[in-house]
Each structure stands twice: as structure tokens, then as C-alpha cells.
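Student: can you look at this prediction? I've put the sequence above it.
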Protein chains: 2
Amino acid sequence: MLKKILNINGLTRTLIVDPEASLASVLREQLLLTGCKVGCGQGQCGSCSIILDGKVVRSCIVKMNKVPDDAQIVTIEGLGTPENLHPLQVAWMAYGCAQCGFCSPGFIMSAKGLLDANPSPTREEVRDWFQKNRNACRCTGYKPLVDAVMAAAKVIRGELRKEDLLFKPVGNKIYGTTYHRPSALRKVTGTWDFGADIALQMPPGALRLALVQAEVSHANIKGIDTAEAEKMPGVFKVVTHKDVQGKNRISGLITFPTNKGDGWDRPILCDEKVYQFGDAIAIVCADTEEHAKAAAKKVKVDLEILPAYMSAPAAMADDAIEIHPGTPNVYYEQGIVKGEDTKPIMSNADVVTVEVDTYCSRQPHLTIEPDCGNAYIDEEGRLTIHSKSIGIHLHHAMIVAGIGVEPEKLRLVQNPAGGTFGYKFSPTMEALLGVACLATGRPVSLNYSMYQHITYTGKRSPGFVKCKLAADKSGKLLAMESDWTIDHGPYSEFGDLLTLRQAQFIGAGYDIPSIRGKGRTVCTNHAWGSAFRAYGSPQSFLASEIAMDELAAKLGMDPLELRFKNVYRPGATTPTQQVPEVFCLEEMINKLRPLWQEAKQRCRELSTADKKRGVGLSLGIYGCGLDGPDGSVAYVELTKDGVIVASSWEDHGQGADLASLTHAHENLRPLGITPEQIKLLMNDTAITPASGPAGGSRSNVMTGNAIRVACEMLVNAMRKPDGGFRTYDEMVAENLPLRYEGNWAASMCTPCDPVTAKGDPFAVYMYELFMPEVEVDMKTGKAKVVKFTTIADIGTITNKATVDGQIYGGLAQGIGLALTEDFEDLRKHTSLAACGLPYIQDIPDDLEVIYNITPRPLGPSGAAGVGEAPLTAPHPAILNAIYNACGVRLYAVPALPDKIKAGLAGKK
Amino acid sequence: MLKKILNINGLTRTLIVDPEASLASVLREQLLLTGCKVGCGQGQCGSCSIILDGKVVRSCIVKMNKVPDDAQIVTIEGLGTPENLHPLQVAWMAYGCAQCGFCSPGFIMSAKGLLDANPSPTREEVRDWFQKNRNACRCTGYKPLVDAVMAAAKVIRGELRKEDLLFKPVGNKIYGTTYHRPSALRKVTGTWDFGADIALQMPPGALRLALVQAEVSHANIKGIDTAEAEKMPGVFKVVTHKDVQGKNRISGLITFPTNKGDGWDRPILCDEKVYQFGDAIAIVCADTEEHAKAAAKKVKVDLEILPAYMSAPAAMADDAIEIHPGTPNVYYEQGIVKGEDTKPIMSNADVVTVEVDTYCSRQPHLTIEPDCGNAYIDEEGRLTIHSKSIGIHLHHAMIVAGIGVEPEKLRLVQNPAGGTFGYKFSPTMEALLGVACLATGRPVSLNYSMYQHITYTGKRSPGFVKCKLAADKSGKLLAMESDWTIDHGPYSEFGDLLTLRQAQFIGAGYDIPSIRGKGRTVCTNHAWGSAFRAYGSPQSFLASEIAMDELAAKLGMDPLELRFKNVYRPGATTPTQQVPEVFCLEEMINKLRPLWQEAKQRCRELSTADKKRGVGLSLGIYGCGLDGPDGSVAYVELTKDGVIVASSWEDHGQGADLASLTHAHENLRPLGITPEQIKLLMNDTAITPASGPAGGSRSNVMTGNAIRVACEMLVNAMRKPDGGFRTYDEMVAENLPLRYEGNWAASMCTPCDPVTAKGDPFAVYMYELFMPEVEVDMKTGKAKVVKFTTIADIGTITNKATVDGQIYGGLAQGIGLALTEDFEDLRKHTSLAACGLPYIQDIPDDLEVIYNITPRPLGPSGAAGVGEAPLTAPHPAILNAIYNACGVRLYAVPALPDKIKAGLAGKK
């Protein structure tokens, strides 16, 4: 240990530190300055950025023995107080920069370092700074962050008043404005406590967990020996499947009847088999994380290695054994049948056809916060699990039998979550935490390293999708044939649903009278398939939106005009034969048309021999809801001070807090209630109702409506005969109920048929057009998106800063999906950088979002959702733009430089 | 566990807490808001005061299940930042309120609660508030705290600017001003990390220790069974004497040659015997304090109970066995012989004699911070022990052999110390920490509860002192006879020295030509005798200063005039036949005389039948230094930025940091160095020189001189032939040394003879006159000091706020010693309140300190010390005042109401 005297946030502190410990760990674990967030732990994400002797450093890679004596350290905790925030903090709130909030303190500290050195940076200087300092954000698409720095700089230079940064409501109206999130203050002060922060705030005696994980992808387990590990320093207990009280399986729950599996295929702790790399075999419970990890290395696992099927084709091979014995590796099939038989149409000589065969990759979510959670027995004897769950009631149902407690003795709470983008639609570590807590009787915490997080959480399931389109010579679509295979990894959770999604979205957006197709879900030994933003649609649109471009080419039509000709108009139905709830695509294309012409001209003008520019197009659609009937519950309660709004609208950065507040406020406005009088109660199965998971852009419609209904009930109850409203005291005096539960269900929806896919799965859809401009380096093959224009119709806008942020962020993930991101090679794709996380210079500053506002009849105040829309189809537009730029046609993402380079070489 | 949502310092936090845990422990241990200090843990001291929903609460007694949901909590961390302090924080710095600083955050938060409710309080309302909220301070005598609140209130009311609170140097001069302490900022922000705070900031894996302690006072140990304890949850190891590598004894070190013991009488961990209640028998090392304590209860100790000798007379009885077999219970004797034989003088019929027999109690130190410490192996393999030690090099020598490491492998560091008042002149837990660290190889921390702190740290040794004075009819003192017995508890550490002190101070201040006396040190089974402010003198002066009053009465003289007649004037010598270094007492009494007359009249006027007032007098003297030759070492080093000043001048609230800075600054002023350019390096045996312990008011003289010498050497080295000074770069260019070591020794001093006490033990003395005014409630017998006037001559004043604070605080402890404080009954005297800690209403707001400034020839810039002076003799003055008020003469302290009441009854 080293005695170290440091000046931290203006005060000299004497610390006793391990010379090998990182500065970040000392700040976090020894000083509880948890505003310093640790994401990657490798200097790749900048979340731990602090200022050391005037320089921005990533504290996770600074060892204590390299920190000079008397060093001056400034962390976010030393920047501003709630009453006196730094201009950067206010700007971060004002520009919606703190979505999940995990990267915010690091960005703010980094920006402070910049503004200290250069109070008048240009936008490009800001971007260069964040690039140089490796500040990574997965939510915002970076643009709002640059906006905020520019605004804060103005305040610092005295050109703007700090007080004028934040939007202030006029006439008590916040709906549709840029009102800031309730959580923003904590996010910008570093006190929005994520799971790893909560772990450090647990009561004394809480245990730290470390997993013993499989290092192979498929094996039989012959024995687990924990004896040596049990004797290691600090170890309290080593938990294996033998300690699990329940059936030790996590249920996939909503498995369709025609699914050949039963959904009980995922062990909590492996007992008989290892199904994928990283599978949890044992949990070491110890006093410190270091001790737990050291002991985990001493657990001996005796394995019989089996052949590993690392892709769908491998698992579908004739000689492949059943990964789950008794269940075929192809365990679910989904068809689509619409209109007339397509074969005769396709073979008609007057008809123009194209056929594409695409591959959408195993996109990693790349949240900056690694997965983490905590568990304890609460005051009522309930096993209480805090995690990043975005479906606390859903997860309750999925894990309760496996853990083996009575349902009422299991409580799930969502921690502030540093991004999930859907991966937390799956239970990740909830059951592990629960099992360890029950086995030890102690509070427990588990934090994954970024390596664990990347290698052992679910991924977007790769899709092998074929799409054949037929049109008449005028470009009118006549028929579509499709075939798709989903590599879903070893666990069946929602794999059938995902397979159905292809039927719903291949060719969506266009009036295609006849469709035939078939898809299948395949069990493999690669990463299990989890939800991911725009779930299922990127695989679909990659095929149909490239096909549309190829069809236009074959027809000699402008790809915009081909699309314009075929988009939904009254009379058209979706691939599942549903009547769209609004017809907005025509108007959207009309809005885009002049920009498209300009873009084409610009690309021509700016192309050089070395760097060619191209522009691409695509259309994306997503439904707001779980498949078929969906609904939500929320309640409001009048109190002396205002109104409580309670729901389980989990937040993963998308803004559940602000949306809850906004819907409640809008519907309570007749009462004159201000936003400050609304108290949110959120995300605890013990106290908030089952509002359904926060995924698939369903919440703004489902829970938004539930909140609306509850508010309307309260307002009606308070209304006096004379039109005025009763006060709280009057309500009490008249013995009127104070609490109102709002239920809302999309009862007009129906599930889709497994053979024909016929059904009305969604009550509200989102529509978006994508128009990226790409520059291809003809030497290296590297493609770069230099501008991105998009036209979105997401109904009315609940909060402008939030929807902007969602769209920017979705586009950024689309750029990643298109160009860099992948999780395929278990040895290589193990860090944020290696997985292709886009940094700021990978995302254009020129992101233009145009809203086409078509109020949705069934949306609360006319709103749809937003989050999935921008990630439905940006990547085919980018591939189309690459083709437009340099003539290289790729059918698979990511479009890595080598592939483009090979394409360019092939053309020579 | 309980999930609790609280708003803490303006930010909502979700916490997982034990419902039975205290709010203080959650704030401290789970949120590391260690500005909330825990002193007593029983709601008696107010150190943990925070604001909960607008009310001041002592958070140590608020259980989490009583904290309302959504409670608004404000702690000192939420009050102000270093750049933007709250006016109370600035006022606390400006008025020297943060001495040890332990109570400061609690007081400040309490005061905030008051000013929030009442922005214009009177001084009495401030006092009532602190009394009601049980805010206890052991350092300041409370007056400066009230001053600070009144000033902060002015700032809040806009009548004073915050910027004008703090003294700012004029002409780069801080010597003699009220310049604030370098540590003040951290103290008022709650970030001056005490040992228990450092424990919470230790690296993960640090172990918490709990002691297995003797619950009897004297026993033979027949066996220690740790088997059951070793198996308890969280236990890493149970350490007993068998694990101690060294000789398992703490050495008393400076034992005089005529001492019959060898100084090796105190075990680190008991092996053969228990010598006193609380003796440490085993150390449980566990992951949490709770686990360690639970396991400690499971250690079985097999004891053979022996008779316990709980006072000197009991241990001196003929049938008493030797507590340390082989060493008589009376193990040291000290005589005094001055001038002619006293017997003939005493028996002369013309001579007036009085004789008193007094008892000075086992005064407890009652620091608000319980003892605590930490240990670890440093980067060079040194066992490093952090504690409240006020003698780090001394303690190194006392414990190194007992622990059993090479001297260079033992490092001692002083933690910020929440008051010691001398108890930390003893090693308390240093060796226990060291032994546990070596036995486990892990960082360790030990925090005593207030109960442990009170029952198992050293106390002031009770003194049974007889004093007989003889004077001629004019009042001229002719002779003194004295006899004294010191009950020193079981451990000999400095017991001989303490016994010598009586010879030095009984009758000190007066020119007594002939003295004969004898004293002895007695080993008992009560609390071991430790250093305590004014060490040795309160026992002495209690006897001689009551005797002086009785003599005056017998002579019919005014007690002031009797003293005036006899004080040291040129030609006089001290009891040890030393020539005083200055003669200031005459002038001091002249200054006091008019105030004495006024006080007498005031007391007469204000006396009623129910409440009688009286005024008393006494004189106190103390020497600045260890006995005999003493000295110190410090060094200064020129750096690019300024000057480093390094010493081991331990701080326990007295202001070592400020005094080091002030002496250095004063002597570096020729260079134009500002206070901000001086960096202090303090209190780490690995890096700071052996400056001697910080006790006996020696440091300001010894280390002050060492710093002066070092600074003079540097200034001389930098001086150019033309009278200007070389810069740092010039020094380097000329290859001149940058570091200068200052040595200073009081080489003119000599040790005292064990038979005659003849010697020149101190180079510099402090002189003080005490004049309390007391009100006695004639019904209850309760005496209350209502005003206290004192005249002090401590040479020049190094820092005005500091010396004021030292004198106020010393007087307050004197009032406690006189009226309430005791540690005698092991069952009863176990809390701050039960031990008689004075609260604010026990200490008069009317404390008048008058300085008589006689520069000391040997003091740095003419200064003596200060800390001991005010506690030398305030208590006999109070007993004299009680006598003056109501005619009851007490010879023992504390003068509890029952004793006065009994005296009043006896007079009827």
C-alpha cells in the first residue's frame, strides 16, 4: 500500500492506496466519487475522464503509482453543486445530452478540460477533442453534445446567461417542448447511481460476486470442484447449480404454440451442459471483487467438449447434433401468405424481378455501462433484485420458478441503467444474483467487466434473408418472395417472435399484393439472441430496401420514385394484411424529394477520384407494441403536495421519466398542476404496476395511454358540478378515492398466424425515411457517412429534445451496424473498440432530422413511439449510398473497408 | 434490508439499508458522507448533527426505519463547496472554532438549523440551541463558536460581507494575528478525515478489527479459546498473544534509574494476566465491524480472578499482592529538599501554618472522537500505523520491540486527531493494529466505541496531595512540607515523571525558601495513568492553591495580596531551585487587582439567599518541555514554488499546522514568501524528522525554534553579498543546498534529582492567574461558574485566535475538572455525559482573557507555549470561589452538588 496525498476537488486528502490500483478505482471505491464512471476499464470510452493536474485523463488506465504526489484532481463532484451547476452541466441538461447519463460526467469533465484551454472552440475542434480523448457515447449520436459545449462556451465567454440555457415552461405547458428530464440533474452531477455505484453504497457485509464461466462454446459438464476456491481469502461461499432451490432454468415465457421447444432451455447455473461461451457455471461470493475473481480461477470444471455450431448453417447441417437434446436445432418456423400465389407472377415475362440474399450481422449493443446488479432480502423477506431490467414484471415471471421462491417473495427493481438498447429485455444476471443472495443470505453485487459484458450478454440475432421482388414495367410492385433464417444462439427466448418479425417487416412500407415466404429460428452455440432496438426489422429491411434499389436500377427508375410509387396509400395493407393506421409515407417522400435531388447533385460535385461520394435511400417502419394485443397499467394518486404517477416504465436512457411526467402533466393541466408537483414512482414490482417491458417503442403508446387514462379519471373525479375542481382536502372530505388506476389495451390488435402471418400486430406504427451521404476512400475502401438526412413520422412529439436524441442516437447505431459493428469472433470482438463502436468522428455532425407530424388516433396526445424507428433501415440506405458512390454492391453488414476494397478491386 | 429513496443534499438517492442501521452509519458507510462524524454514538455529543426535513437531528440515534421516505437530508457536504463556503463555515475558520475539528461539521449543521429558523438570535439563544441539540465541544470552551454564529448571522442578514470574515494579512505578516489554520477549510467542510473516516476509505479487502477485552480488573489467564470465533461469518483471523512476533510488551521507555520496575509491564495482548478492565486479550479480524464484534463475543477466556486494587491506598495495603509480580506496587519514590529543614520552621510559635489534604480525581480526557487507527504494509514493506499518536517517533520506540519488527520496518503516521488532550501521549491501539496487520497481511482498521474509548484509554492519574505551608505574620512564606501519592494504574509509562511533577509544581509561583516533601507512584488495577493537559500540575496546585487561600484566611489577609507578597521576584527560585526565566507574576497580579476588587463586590451584590456568588483565585505555572534537556528537529527546503517545512509536530487540535506555518513564515519573511507558498510536511516517521512528542506545551518552543533555525539557515544561504536573495534557480545554478535542518535544544536544562528534585527542568514557563466567579444553588448544592477572568503570560502570541481558543478550552476543562468530570466507577462513568463532559451551559459565555506579554528569551519570537497553562490551576480557584460563595470548603474534585449540599448541611 502507498500513502498518497492528493488534492481532490480543492481539498487535500491523505489516502492509503494500492500502488497498482487505478485512479478510477480509488476515486470510486475509496472516496465514493462515483461520478467517475467506469465503462470499458481500458481507456476506450472516456466515462472515467477526470482532470489531473489540468489535463483530461481516463482515470481507469492511470495507476496510482503514476499519480504525482500533491496532484490536483477535479472530478464531476467538484465541478458544480445542484444549486450552482457549471454551465456545461446546465447545457447537458438543456440539450438532452444526458440520455442514459452514463457517459455524461466523463464528457462534461473532458469538455471542461477543452474549455479551460480553449474557451472559443469551433464545432470541429470540439469533435476532435472528444475523439482524441476517446469520449464515447452510445445514445446521442454526439450532435447534442457538441451543441451543449458550444452553448456552455458562450456562457463562459459571457455571451449567454446560464439561466437562459434551460427551457422554462410558458403557460404551464411542457408537452412537445425541450423541457429537461427529471433525472438530468443527477446525471450531470454524477449522482445518478448506476448498479456498480449502488454496489459501493451497499450496507457493510455485502458480498461481491464473480462468475466461473465457460471458456468453450459447447460441452458436457462432468464435474465441478469448488474445494480449492472455497479456501481462498475472503471467500464466503461458492454457489453452483446444487445450491439453486428452483428448477434452475429461465423461461422464454411467450414461446408460440408451434415452437418445438418448451422455453425452459436456459440454465441459471450450468448443470449438465455448456451451451455457449461465457455460460455461468459457479458464483464465488467473497468480501471483495478481487478476492471473488481470484477464487473463481480456482474452481475446476471437468468438461467433455462437443462440436460448437457457431452459425445457423452449421447448426442446420445434417450431421449436427441437437444442442438441446430432444429439440431440433431448427425449432420454429414461420410462414407468410398474402394474396395470390407469387410463383405465376414471378414467372410472368412482363414482370421485372430482382432477388437479393443478405446477411445482417450479430450486432453488439455496446452500452458504455457493463451489466451489473445487486440483490438482498428486503424488510418483508422478499428476494429483491436490482438490475438494468427493462421488463421487471416480465423478468419476474421468467426467473421465479428457476430460482425457486414464491412469486410474492420475489421483487425486481430497475437500477438506473447506462443504456441497454434492448439487451436488457433479457434477464442477464438477475437469476444469478437471486441464487447467490438466497444461498448466502447476504446482500450481493455483481459487476461485469466490459469483456464479460460483451461476451456474455445477448446480441442481435444474425439474419440470413432472401427477398425477391416482382414489379410491372411501370414499377408497380406485384409480388414478393422471401426466405429467412435467424441464428438465435442457444436460448429460445423470443426467438420465435423475432422470426415472425421478418414476416412483418420484409417489404413493409409498400403495397405488395402477393407475398409468399418462410423463415426459421435456429439454435446455435454463439451468443444468445436478445432484443435489440428495432428488433427484427434491420434484418428485414436490409433485404427489401436493397432489393428496392436494385429493382429501381433494373427498371431504370429513380429509387425515390420507385418507392413513392409503391408506398402505402389508402387501400393498401401491410405484409400481415393490416390496414395502416395512418398514411403518411407519400407526404414524407414529397418532403424528401427536393433534398434528394440536392444530395445527388452535391455528391456528384464533391466526388473526386480518391474520395467518391454517394447518397442512398431507404424506408423503415416499426410497430409500437408487443405483438398482438398489448396494454399497460399506471396509476396516479392525489396527494397534499401534488400528484404521484406510478408505473413500471423502465428507463434505459430513452426518457421514461420525462415521458411519464410529460403525459401526466399534459393530462393534469386542467388542474393547474406544475411539473414540480408531479412525483414519479417508478420501476419496482413491489410498488409499481405491471406496465409491460420498455421495449419495441411500445411504452410511449401503451404506458403513455395508461397514464393518460389514469389522469383523466382523476381529473374527472375532481371536477365539480360547476366545472371547477375539488382540492385535495375537499376530495378527502367527500371521501372520494385519491388513487386512480389507468388501464389501456390495444384490444384492436390480433396475433399473427404462424403459417400466413396474417394479423394486426400493432396499433400504431412509426415511419422513417433515411438518406445518408457517404464518402468512400477509393484507396482504403473505408466508407464514412458525411451527412445524414432523415424524415420521421412518429406522430406528435412528446418532447423535442428527447425525440431528436433518439433519432440521432438510432442513426449513429445504424451507421455502426452498416460500417463497423460486429460480434462474431470470440477472440477478437471483445472490447468496445474491437466491436466497432462508433466514436464521434465516425458520426457526421450534419444530422438533419425532419418531422412529418401525423397524429396517431390511438397514441396519447397523438404520439407514436420513437426509439426503434431510426434503427430500422439506416444501414441498407448506407449500403445503397456506397453503391451510389463507387458501384460496389454489398449485401452484408458491416461494410468493412476490406470488403469495399475487394469490391473495388473486383470491378477493375 | 430496506429500499429507501431519500433526497440527500439536493439530489434523490435510492439506497439499500438495514432498517436497524443508524442514519449516521448509512450516511458515513454507504454514502461516504463522512462529514457526519460519529463521536459518542448515543446522541450525547451532536457531532453527527445533520438536517432532516428541516430539523436538526443527531443522526447516530435515528434509525433508518424511522427516516421518512423522500426525506430531505442536508449534510455538511451539501452546505458549501471550497470555492463557495457557507457563511457559517467561513466564520468557523475565522474565529478559530475548528480546533481539532471533530465537532465542527455537527456544530455548523446545528447552527444552520438555528439560523434557518431564527436569523437574528441572541448569544443566549445560540447557547440554548446548542445545549438543546447536545452539541458538545471539548476544545474551544464554546465562546468562539457563539462568536462565529453571531458573525455568520450578520452575513446572512446582509450586515457583513462574507469576504470580510476571514483575516487577510497586511504587509505579508501573519505572526500574532488571527490568520486561519491551513487545516480549517477541510475541518469546516467535513473533509478533514479522521481515522474512522480513513478506515472507510481504505482499499477493498481491508479488515475491521474488534477486541476481546477483559471485563474484570485483575486476573490470571488460564486459557483463550478462539475456535468458535474463527468460524463466525466474515472472520479472517483471531489474533492472540501467540501471534505476536515480538516481546509482546510496550515499553515505558524513559523510566528513571531509581524506578523499581523495568518499564516492560504492559502487554500488547494479554498473555499471563489481566491488569485492568478493558485489557486486550484477542483481536478479531473480519470483513465488517459488525462481524468482528459478533465473533469477539465468541472468544472464550478462562480466568482466575484476583483481588482488584482500584486505588492507591488499596494497592499499598500490607496484604496487597504485587500486581506485577517481582515489582512492588509502590515502584517509584521522589523527594524534594530545598533550603533549610522545615520542621523547626513549622514548629516555631511565631509562624502561621495551614495544612491541606487534597484529592485530584481520575479526570477523563473526553475527546469527542473515540480512539481509532489503521495499519497496512507500505510500498517499501514497512508496517505502517496511522493513529492519533501525538508522539510518533516516541511511540515507534515504545512498540517496536513488542511487535517484533526491525526499527526501519516500522512507520508511524499521525491521522487527523479529534482531540487528545494528552491521552495520545500513550500508545493506545498502535501495537494492536500492528500485530493484527502483520498477522493477516491485510490493511486493518480499529475504531473504538465511546464506551471502549472511555474505559480503555489512559486517564489523569489521581493525586493524593498534602501540603503544609508556613508563613510569618506578614504573610511571607517561610516553608512548605508536602506529601503525595500518585495512583498510576497498572502501567508504569511516565509514572515516575508524573510523580516528579508534583515536586516541581506544589507551591510553584511562590518564593518558598525551605521545602521538604516526598511522593510515590503506586501501581493499581484502575485505568492506566496517561498524559493529560497540564500533566501533573492540577494535582499539585489543587493542594498549594487551596492552602494559600486557607493561609490568607488564617492571616486575615486578602488572598490576592498574600499571593502578591510571595510571587517570584528576582532572587527567588522555583521549588526545584531553578531561577525563573522571566518575572512576570507581580505585573500580572497588578493587572488583576482592580478586577478582583470589582468581582468581589459584584459577587456580594448578586448573591441572594438562594443563589450565592463567590469569587476565587489561584495561580498556575507550567514548563514548556519534557523534563530536563529537550529539543527538536525540523527542516525546510526551497522548491520552485516556495518552501517545504517538515516536522513531526503532531496536531491534536492545538494548531500545530498553523504554528508551523506561522514560525516558518515569520522567519522566511525576508524572502517575501507568502503563507500560500509554504507547504507543510507533517507527522510521518518515514519522512518527517523526530521533533519530539506534541505534549507539555513544548512544541511551540522546541519545534518552533527548530523551524526558526532551519529558516534562518535557508535565508542566510540565499542571501547574496549585496543583501538581496538568490532565487531558486540561482541556488540550483550555484549548486547550493536547498534543504536545511534546524536543530534546537534546551541544553541549559538539567534533570531533577530523585531525592532533592533539584534541577532546571524547563527553559521556558507559562504563568496564569485564575479568577472564576461561581454561583452556588443553596438548595441543590450545584455550583456554576458564571464568569471567568484569567491573566496569562505566555510570552509573545504566535496566533491570537489559537491562544484564545487554547485558553478558553483549558478553562472549560478546568471547570469540568472542578465540578463534574470523573472516571472512577467502571459501571457508571462510561459515557461522555456520565463522565461529566461540560456542555455549553456549563461554561460561561463571559470568559475574559487578559494577556500579559513578557517575551521569552529562549522562545521563538519570544513565545512560550500555551496549552497546559489554563488547566494548571483553574479548579482550586473554583473551589476557593465556592468557599467564598457559601463557606463550604472542599478539598477534592469534582465538587459535585451532593458534596456541596452535604457541606451546606454540615454548616447548619
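Tutor: Great, that's in hand.

Student: helices or strands next to the longest helix along chain A in the packing?
Tutor: Counting residues, the longest helix found in chain A (DSSP state H) is helix A:585-606. Judged by 3 or more Cβ pairs under 8 Å, 6 or more residues apart in numbering or on different chains; DSSP states H and E, helix A:585-606 is in contact with helix A:559-566, strand A:611-615, strand A:765-777, strand A:783-793, strand A:847-851. Just so you know, the C-beta spots here come from the backbone N, C-alpha and C atoms, and that holds for glycine as well.

Student: what's it in contact with?
Tutor: Here helix A:585-606 makes contact (Cβ atoms under 8 Å, 6 or more residues apart in numbering or on different chains) with A:509, A:560, A:563-564, A:567-569, A:613-615, A:617, A:619, A:767, A:769, A:771, A:773, A:775, A:787, A:789, A:791, A:793, A:848, A:850, A:852, A:854, A:884-885.

Student: mind exporting it as PDB, just the C-alpha atoms?
Tutor: The C-alpha coordinates for helix A:585-606 follow below in PDB (Å, rounded to 0.1, in the frame of the first residue of the first chain):
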ATOM      1  CA  LEU A 585     -45.300   8.000 -46.500                       C
ATOM      2  CA  GLU A 586     -46.400   9.800 -49.600                       C
ATOM      3  CA  GLU A 587     -46.200  13.200 -47.800                       C
ATOM      4  CA  MET A 588     -42.800  12.100 -46.300                       C
ATOM      5  CA  ILE A 589     -41.300  11.300 -49.700                       C
ATOM      6  CA  ASN A 590     -42.700  14.500 -51.100                       C
ATOM      7  CA  LYS A 591     -40.800  16.300 -48.300                       C
ATOM      8  CA  LEU A 592     -37.600  14.400 -49.100                       C
ATOM      9  CA  ARG A 593     -37.700  14.700 -52.800                       C
ATOM     10  CA  PRO A 594     -36.100  18.200 -53.200                       C
ATOM     11  CA  LEU A 595     -33.400  17.200 -50.600                       C
ATOM     12  CA  TRP A 596     -32.800  14.000 -52.500                       C
ATOM     13  CA  GLN A 597     -32.200  16.000 -55.700                       C
ATOM     14  CA  GLU A 598     -29.800  18.300 -53.900                       C
ATOM     15  CA  ALA A 599     -28.000  15.500 -52.300                       C
ATOM     16  CA  LYS A 600     -27.500  13.700 -55.600                       C
ATOM     17  CA  GLN A 601     -26.100  16.800 -57.100                       C
ATOM     18  CA  ARG A 602     -23.900  17.500 -54.100                       C
ATOM     19  CA  CYS A 603     -22.400  14.000 -54.100                       C
ATOM     20  CA  ARG A 604     -21.600  14.400 -57.800                       C
ATOM     21  CA  GLU A 605     -20.000  17.700 -57.200                       C
ATOM     22  CA  LEU A 606     -18.000  16.600 -54.200                       C
END
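
Student: now it: buried residues?
Tutor: By neighbour count with 16 or more other Cβ atoms under 10 Å in any protein chain shown, helix A:585-606 contains the buried residues A:585, A:587-589, A:591-592, A:595-596, A:599-600, A:602-603.

Student: Throw the helices and strands packed on helix A:585-606 into CSV and include distance to chain B and mean neighbour count, thanks.
Tutor: Formatted as CSV, the helices and strands packed on helix A:585-606 follow (distance: least, Cβ to the nearest Cβ, whole Å; neighbours: other Cβ atoms under 10 Å in any protein chain shown):
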stretch, distance to chain B, mean neighbour count
helix A:559-566, 48, 21
strand A:611-615, 46, 23
strand A:765-777, 32, 28
strand A:783-793, 33, 24
strand A:847-851, 32, 17
